[in-house]
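Student: need a structure here:
(chains A and B)
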Protein chains: 2
Amino acid sequence: MDSIESAADVRYTDEKGLAEALRGADALFVYDFLSGAVPAAWHAADRIRWVHIASAGVDPVMFPELRDSEVILTNSRGVFDSSIAEYVLGVVIAFAKDLSRSLDLQRERRWQHRESERVAGRRALVVGTGPIGRAIARLLRAAGMPVSGMGRRARDDDPDFGTVYASADLVRVLPEFDYVIAVAPLTEQTKGLFDGAAFAAMKPTARFVNVGRGELVVTSDLVQALRDGRIAGAALDVFETEPLPSDHPLWTLPNVLVSPHMSGDFAGWRNTLVEVFADNFERWQTDLPLRNVVDKQLGYVPSGH
Amino acid sequence: MDSIESAADVRYTDEKGLAEALRGADALFVYDFLSGAVPAAWHAADRIRWVHIASAGVDPVMFPELRDSEVILTNSRGVFDSSIAEYVLGVVIAFAKDLSRSLDLQRERRWQHRESERVAGRRALVVGTGPIGRAIARLLRAAGMPVSGMGRRARDDDPDFGTVYASADLVRVLPEFDYVIAVAPLTEQTKGLFDGAAFAAMKPTARFVNVGRGELVVTSDLVQALRDGRIAGAALDVFETEPLPSDHPLWTLPNVLVSPHMSGDFAGWRNTLVEVFADNFERWQTDLPLRNVVDKQLGYVPSGH
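Tutor: Down below sits the predicted model:
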């Protein structure tokens, strides 16, 4: 933060001191990006013009007072793309090669040969066509998987996805896919998108991967679908409640991989997040247009595509 | 086997009946490709002209009487390439994303965020430049990893590897790599290639992956290197003794992934192996040159490259 401290009066605060720190501040850097503290303290933001968040998803700051204000909102688009894509390919291969079972058998010192699945040729649907979804699509395609996208608007000429289906067609197209990856921004339109009807439409052999937000899913419907074998597995890095409560059934359901919201967090990510803010701060000081400006009506940075 | 049964007198046998079945046989299909039974029964092979093995590695049939005979030896080159490459990329990502620890924590219902490693940019050395090594190189490169090869002969213009180092330089080049993948054929030259000196030359952060043969490694040296933290981990699909004995230390060492010689065995592999034999059988009957003819002095099918 040196470059910023040398050019501005910087106040560091936790949730408790946020309202006081906001008073008189021109800009807010939301570093604790899952905190829900901003709406409650917003009443004190008497001259704020810019909010930057150290994440790709901006849902924690999409409350009406900020959304409908003139305040510019920017995010950390780009930082997590490749890491999350690697994580997604990793869980896809882990499912195909039955890695979790191999580790269980290893713990029991049991040699039990099994046949595994190929990854190449299995079809993936990436729900969310922002930069993270695009990085996922490129990497899965590099591993030989045919990939389609799903976004607001159907099209056939997307550079990363080829075909993009419209979200409204989710249930209709789901039966085509072996892996369904949720990475859409959380908005009023995407909340609860993956519900009982969606899981019922998936192949019984399909796996669901969530690296977006827990609220994209009706969690009880997912649990039921896994219990009933309506889908074959799920890899979940995000949850409606985080940390996932220790008595939650997702911890122990078979064929579920739980990870603690870490898929994008490569060693060095914290520095990178500060660098993204510092770069935008320099642009802000010199009246250059800011990078990664969120369309607050859409709830994300509109894609160049 | 229908097409073969309709054209030949086919005898099926296990190890016990092998000598009797070999008597008078023109060709031998070694379907149980890890069996060591062929050398012991070979005395009865009184008119054999062709041996085909349902594997890529031919070491179980590289005994002197067969090697120095006129008998043609063919293998199942190509069947396992993509599956093994997928497995290798899977364990690479599993290491980078700490997947094994995530599963351990999941079992304890513990939410513990960690930082993970990137895969892109990490350097891999693939020791073995046959078709499996090439498939591994292409897939790791597609995931953003710079890859080099190691083979008999150094060169700089390999289509899949770019740089190929000569095996004699192993210890010298090992310090450059984050992942070292053993997939060389087992020959007198490669036996015990990965010994204490090799593991000492690797980065302490490097991981070793063996999808070739257990005998490429001096297992006690690998165990010691893992115990001493001289390397950061190992993913092992093959072992000097298979099944791996239940009291073997590799089952329980931290940062070791043990799988039961299954990395290439995708659902459908058994049929594919018979198809490869049936194709060569048809060529044999019609006096066409056989596919995948092993150079018995080298101990593998020489690459077109």
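
Student: close to chain B, is stretch A:249-259?
Tutor: Yes - Stretch A:249-259 reaches chain B (C-beta under 8 Å from any C-beta of the partner chain) through A:251, A:252, A:257, A:258, A:259. Placement of C-beta: from N, CA and C, glycine included.

Student: ok, of those residues, which one's closest to residue A:295?
Tutor: residue A:259 (29.9 Å; C-beta to C-beta).

Student: contacts only, for that closest one.
Tutor: When contacts are counted by C-beta atoms under 8 Å, 6 or more residues apart in numbering or on different chains, residue A:259 touches A:87, A:235, A:236, A:237, B:97, B:102, B:106.

Student: quick check, pLDDT for it.
Tutor: With respect to pLDDT, residue A:259 has a value of 98.

Student: and the residue of the stretch 201-305 of chain A found nearest chain B, how many residues sit next to it?
Tutor: Per C-beta to the nearest C-beta, residue A:243 is where the stretch 201-305 of chain A lies closest to chain B, at 3.5 Å. If you count neighbours by other C-beta atoms under 10 Å in any protein chain shown, residue A:243 ends up with 14.

Student: how about it, phi and psi?
Tutor: When read as degrees, to the nearest 10, the backbone of residue A:243 gives phi -60, psi 150.

Student: most neighbours of all the contacts of residue A:259, which one?
Tutor: residue A:87 (29 neighbours).

Student: hmm, it is touching residue B:97, no?
Tutor: Yes - between residue A:87 and residue B:97 there is a contact at 5.5 Å, judged by C-beta atoms under 8 Å.

Student: joint contacts of those two?
Tutor: A:259, A:263, B:116.

Student: in which helix or strand would I find the spatially most central residue of chain A?
Tutor: For chain A, residue A:212 is the residue whose C-alpha lies nearest the centre (C-alpha atoms, centre = their mean; 2.6 Å). For residue A:212, there is no helix or strand it lies in under DSSP states H and E.

Student: on that earlier part again, for residue A:69, state which of the shared contacts of residue A:87 and residue B:97 is nearest.
Tutor: Minimum distance to residue A:69 across the shared contacts of residue A:87 and residue B:97 is 31.7 Å, recorded for residue A:263 (C-beta to C-beta).

Student: identify the residues contacting that closest one.
Tutor: Residue A:263 sits in contact with A:80, A:83, A:84, A:87, A:88, A:211, A:237, B:97, B:116, where contact means C-beta under 8 Å, 6+ apart.

Student: rerun at 7 Å
Tutor: Neighbour list for residue A:263: A:83, A:84, A:87, A:211, A:237 [criterion: C-beta atoms under 7 Å, 6 or more residues apart in numbering or on different chains].

Student: do you know how far the second one is from residue A:257?
Tutor: Same thing as residue A:84. To residue A:257, residue A:84 is 15 Å away according to C-beta to C-beta, to the nearest Å.

Student: which stretches in chain A count as helices?
Tutor: Using DSSP state H, the helices found in chain A span residues A:2-5, A:18-22, A:37-41, A:64-67, A:81-96, A:99-107, A:131-142, A:170-173, A:196-201, A:219-227, A:269-285.

Student: winner for burial among those?
Tutor: When the helices of chain A are scored by mean count of other C-beta atoms under 10 Å in any protein chain shown, the highest mean neighbour count falls to helix A:81-96 (a mean of 26).

Student: and that one, how far out from the chain middle?
Tutor: 13 Å (C-alpha atoms, centre = their mean, to the nearest Å).

Student: what does the worst-scoring helix or strand of chain A on mean pLDDT contact?
Tutor: The helix or strand of chain A with the poorest confidence is helix A:2-5; it has a mean of 91 (mean pLDDT, DSSP states H and E). For helix A:2-5, contacts defined as C-beta under 7 Å, 6+ apart pick out A:10, A:278, A:281.

Student: what about residue A:303, neighbour count?
Tutor: 15.

Student: tell me the pLDDT at the nearest residue to it once chain neighbours are set aside?
Tutor: Once flanking residues are discounted, residue A:303 sits nearest to residue A:130: 6.0 Å by C-beta to C-beta, 6 or more residues apart in numbering or on different chains. Note on residue A:130: pLDDT of 95.

Student: can you check residue A:305 too?
Tutor: For residue A:305, the predicted pLDDT is 43.

Student: sorry, back to before: right, and the helices of chain A - which one's nearest residue B:123?
Tutor: Closest approach to residue B:123 among the helices of chain A (C-beta to C-beta): helix A:81-96, 15.7 Å.
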